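Q: this one's sequence-less:
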């Protein structure tokens, strides 16, 4: 599903392109095709794939799949599984990744099954002052 980021008139993201894929497992092949077709880079919005060492239990994209299209918030696992990681932490990292992707004239492709993470990027109604798009 291609969309334009929701934002108020002041937002720098108001007309930025964005692809969002939400759902249970089985999205990888589809997201790789979309990312290649639209010159995109993937941002993982999965609350478990952010953790190191949980590759098997989370259906994380393989190393080969990750090599086809650049992935953010996924490769190698960013967070120790014994550390707290909040939706605000995800939002901060995801917005920085979106800035980086857009600055290089690429399209962010947000994919995952953690709707709260995705909603924290698209709307600011859930997490307060941190600021969604």
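A: Thanks, I have the structure now. Predicted model only: the values in this text are computed from it and were never measured.
Q: Model confidence at the residue nearest the centre of the chain, what's the number?
A: The centroid of the chain falls nearest to residue 43 when counting by C-alpha atoms, centre = their mean (2.8 Å). As predicted, residue 43 sits at a pLDDT of 94.
Q: For the remainder of this discussion, apply numbering that starts at 32.
A: In the new count, where the first residue is 32, that last one comes out as residue 74.
Q: surely it meets residue 130?
A: No. Using C-beta atoms under 8 Å, residue 74 makes no contact with residue 130, being 11.3 Å away. Every residue, glycine included, has its C-beta placed from N, CA and C.
Q: What mean pLDDT does stretch 83-93 get?
A: Averaged across stretch 83-93, pLDDT comes to 71.
Q: And for stretch 118-126?
A: pLDDT averaged over stretch 118-126 gives 91.
Q: starting at the chain centroid, how far to it?
A: Its chain's C-alpha centre and that of stretch 118-126 lie 9 Å apart, by C-alpha atoms, centre = their mean, to the nearest Å.
Q: Then stretch 56-76?
A: In terms of C-alpha atoms, centre = their mean, the centre of stretch 56-76 is found 10 Å from the chain centre.
Q: Could you give me the buried positions within it?
A: By 16 or more other C-beta atoms under 10 Å, the buried positions in stretch 56-76 come out as 58, 59, 62, 63, 65, 66, 71, 72, 73, 74, 75, 76.
Q: helices and strands around the host helix or strand of residue 49, which ones?
A: If you go by DSSP states H and E, residue 49 is part of strand 48-53. On a contact count with 3 or more C-beta pairs under 8 Å, 6 or more residues apart in numbering; DSSP states H and E, strand 48-53 meets strand 33-35, helix 59-68, strand 138-143, helix 146-153.
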